[in-house]
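Participant: what's the 3D shape of this:
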Amino acid sequence: MSAHTPLEADDPRRIGRYRIVGRLGRGGMGRVYLGRSPGGRAVAVKVVHAELAEDAGFRRRFVQEVEAARRVTGPFTAAVVDADADGDPPWLATEYVPGMSLQAAVAAHGAWPERSVLALGAALAEALGAVHGAGVVHRDLKPSNVLLAPDGPRLIDFGISLAAEGTRLTVTGAAVGTPGFMSPEQLRGGTVGPASDVFAFGAVLAHAATGDGPFGRGSAHALNYRVVHEAPDLSGVPSGPADVVARCLAKEPDDRPTVPDLVAELGRTVPDGPGGARAESGWLPEPVTAVLTREYTAPPPGNGRRRLRPILAAAAAAAAVVAVAAAVLVPIRGSGGAEPSEPERAPAPPKPTLLWSHPTAPGGRPVVDDGRVYFGADGIVRAVDADTGDPLWKHDRTGVPISLTAVGGTVYFESGDALEASHVYALDARTGERRWRYGPGLPVYDGPVVAGETVYLTGVDRSGDDPVTYLHAVDAGRGAKKWSRPAGQLFGGITAADGTVYYSTVTGKGRARHLHALDERTGEQWWKVRLQGDVRNRTVSLTVADGVVYDVREDAVVSARDLDGRLLWERETDLESFDDVESPVVTGGVVYQGGNGHNAGGAVVALDGRTGEELWRYDTDALSAPPTVEDGTVYVSTKEGELHLLDARSGDPLGELRLANGSDADAAVADGIVYFDGGDGRLRAAEITR
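Facilitator: As a prediction, this is how the structure comes out:
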């Protein structure tokens, strides 16, 4: 058995910027290859079938579904990292999981014991929570879309199947979905929502527990008939998961448990399942663990060579860049300043390789998305190629850009008079042409915040004795107002997920804080809860991830609430205070919170997302941006021009880089490449290797 097979004569050798090194498999939408990025990252590249690629409707839906899937983050999902819907053929790349599928494991080694089924269920429920939290419905959850790894399963292909609906493949009778795992409403042509994924979830657990599906075997027609009209056969399912599976397989969507209910229920039965405190003791059946250890632990193949990328066109200019790089782009040390107990085992310092330099410095932290780097400078929004630094476009008809972000092929930012009135702009990410401009007639205070098909922003009316904040919801595609409503005195940012908008306010002489939740479609308030802790003159940060609302207040207290506003946990981070409160970064079930205290120092704290328990803390100079977490590494950028690398699990220092001498480098990290201001008026890109 092997994780991949050799390439054949008609297979591509390069897709986008990825070098193709092997075959991983074939699915309903295309062939899957093992690829490597220029920085050496392994990815799974799915190349779409030619029949689908010729369908204009498919390409349109493919763009929408891929952008939705990009928002999914969670410990048991294989994240979408890149895509090109306009490619010939279209393709997308996801995180590479070196493991076998659940389908292959059951076929080779038989039904699973009860403990493994429950552990699988706990992890997959959490994965579905992350998928649904991003506004995505999987629609094709089945054993072959669950990959197994020692630290837990990974759910793949979430949401992408919707793009194939209505194409020639479906019109000629090939259903979108897998017989025996599609829900009754999916087969009837009804509304397919999160409850449909719950049905498939129950069928997947039954398959793992018995080695067969709950509706037996046979033709697609026979399986589909049983799903709609007959009760599932759960006679072989162990008593532990049997009740959960039966409720998930209810014929009516409203009779099935919700994903948050499944997460809570299965989490109680498997407190130390995949990714938990005793995950190393083994959650998989022993024969599967043996195969994974023997066959899938070696890194994916590569020839070790790197493609040389141009730094500058002229040799003289290249020499000048190298000279500057020698002064500012150097490793500092490999231990983060701490003396290692065993010096011979200290991690090697990270090695920076300068890739290119652009003759304009960003006026803030650059934004990296879909192969482009966006930044504002001198009142101009610019876009450059992320691989080469070549200029792509510039837009200079808006004024000074603020709060730049890029989502779904569009660049959003605010610009205008901070005291009188300002606007939010949307530019085409490929051309820089303006798509729309929206002005609330007031200074924009927060935003733009983009969630799904909506852009949220606030305008502050200071004409009366007390400022009043208005929350606006704007159509992301057209720039037309959906609704607006007074939001009181907003005291912190806005965030949105899964059809709900969240924000916090402060009211009254006692400065009481409240958390509000609104219906994203209408602006109608769903609920309001009083928050602990009074505040005075500092902002409060909010974010939503994995079905949890995280709230960080100025006294460095982090709290977590469920989607109904109920407090799950609250944690004092043992820091003096945060002068600059940034939104936490939540990934892999861990909350990474960075901030700067009154003493001018900075810190990053990692908390368990389920309990709030502090996992580790790292103290450093004042931070210039929230931490970035990527491929098991936390990147921390400081106002002194340094970039610190930390192990995401332990917080152990992996090394530091000097990006600029004593000045904020405004660093952004994406796919192992750091984009930064070198302190001499230029934007640079450097590849980081260790």
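Participant: name the nearest residue to the residue sitting nearest the centre point of the chain, sequence neighbours excluded.
Facilitator: Among the residues of the chain, the one closest to the centroid is residue 73, at 3.8 Å (Cα atoms, centre = their mean). Counting by Cβ to Cβ, 6 or more residues apart in numbering, residue 73 lies nearest to residue 587, which is 5.3 Å off, once chain neighbours are set aside. Quick note: C-beta positions are derived from backbone N, CA and C, even for glycine.
Participant: again with residue 471
Facilitator: Ranked by Cβ to Cβ, 6+ apart and with sequence neighbours excluded, the top spatial neighbour of residue 471 is residue 487, at 4.2 Å.
Participant: right, and the one you found touches residue 506 too?
Facilitator: No: judged on Cβ atoms under 8 Å, residue 487 makes no contact with residue 506 at a distance of 11.3 Å.
Participant: between the two, which one's more packed in?
Facilitator: Neighbour totals were compared for residue 487 and residue 506, and residue 487 leads with 24 against 20 (other Cβ atoms under 10 Å).
Participant: the residue nearest to residue 79 when sequence neighbours are not counted bridge partners, please.
Facilitator: Here the nearest residue to residue 79 in space, its sequence neighbours aside, is residue 95; by Cβ to Cβ, 6+ apart that works out to 4.9 Å. For residue 95, the beta-bridge partners under DSSP bridges are residue 43.
Participant: from residue 478, how far off is residue 88?
Facilitator: Residue 88 sits at a distance of 29 Å from residue 478 (criterion: Cβ to Cβ, to the nearest Å).
Participant: helices or strands next to the longest helix along the chain in the packing?
Facilitator: Of all the segments of type helix in the chain, defined by DSSP state H, the longest one is helix 114-133. Contacts of helix 114-133 with other secondary structure elements, assessed using 3 or more Cβ pairs under 8 Å, 6 or more residues apart in numbering; DSSP states H and E, are made with strand 152-155, helix 194-210, helix 239-248, helix 259-269, strand 541-545.
Participant: related to what we said a few turns ago, ok, the residue nearest to the centre of the chain - contacts?
Facilitator: Residue 73 makes contact with 79, 130, 134, 545, 546, 586, 587 under the criterion Cβ atoms under 8 Å, 6 or more residues apart in numbering.
Participant: neighbour-wise, which of those leads?
Facilitator: Of these, residue 130 is surrounded by the most neighbours, 26 neighbours in total, counting by other Cβ under 10 Å.
Participant: I figured it was touching residue 72, is that so?
Facilitator: Yes: Residue 130 sits in contact with residue 72 when judged by Cβ under 8 Å, with a separation of 5.6 Å.
Participant: where do the strands of the stretch 401-550 of the chain begin and end?
Facilitator: For the stretch 401-550 of the chain, the strands defined by DSSP state E, counting those that start in this stretch cover 402-407, 410-416, 422-428, 434-438, 449-451, 454-461, 468-475, 481-486, 490-497, 500-507, 512-519, 525-531, 541-545, 548-552.
Participant: tally up the residues packed near residue 217, please.
Facilitator: One way to gauge burial is a neighbour count; for residue 217, by other Cβ under 10 Å, it gives 10.
Participant: tell me how far stretch 683-690 is from the chain's mean position?
Facilitator: Between the centre of stretch 683-690 and the centre of its host chain there is 22 Å, according to Cα atoms, centre = their mean, to the nearest Å.
Participant: hmm, back to that, residue 88 and residue 478: who's more crowded?
Facilitator: In this comparison of residue 88 against residue 478, neighbours counted by other Cβ under 10 Å, the higher total goes to residue 478 at 13 against 8.
Participant: list the contacts for that one?
Facilitator: Counting by Cβ under 8 Å, 6+ apart, residue 478 touches residue 436.
Participant: residue ranges for the strands of the stretch 551-690 of the chain, please.
Facilitator: Counting by DSSP E, counting those that start in this stretch, the stretch 551-690 of the chain forms strands over residues 557-561, 567-572, 580-581, 585-587, 590-596, 601-608, 614-621, 628-630, 633-637, 642-647, 653-658, 668-670, 673-677, 683-689, given from the N-terminal end onward.
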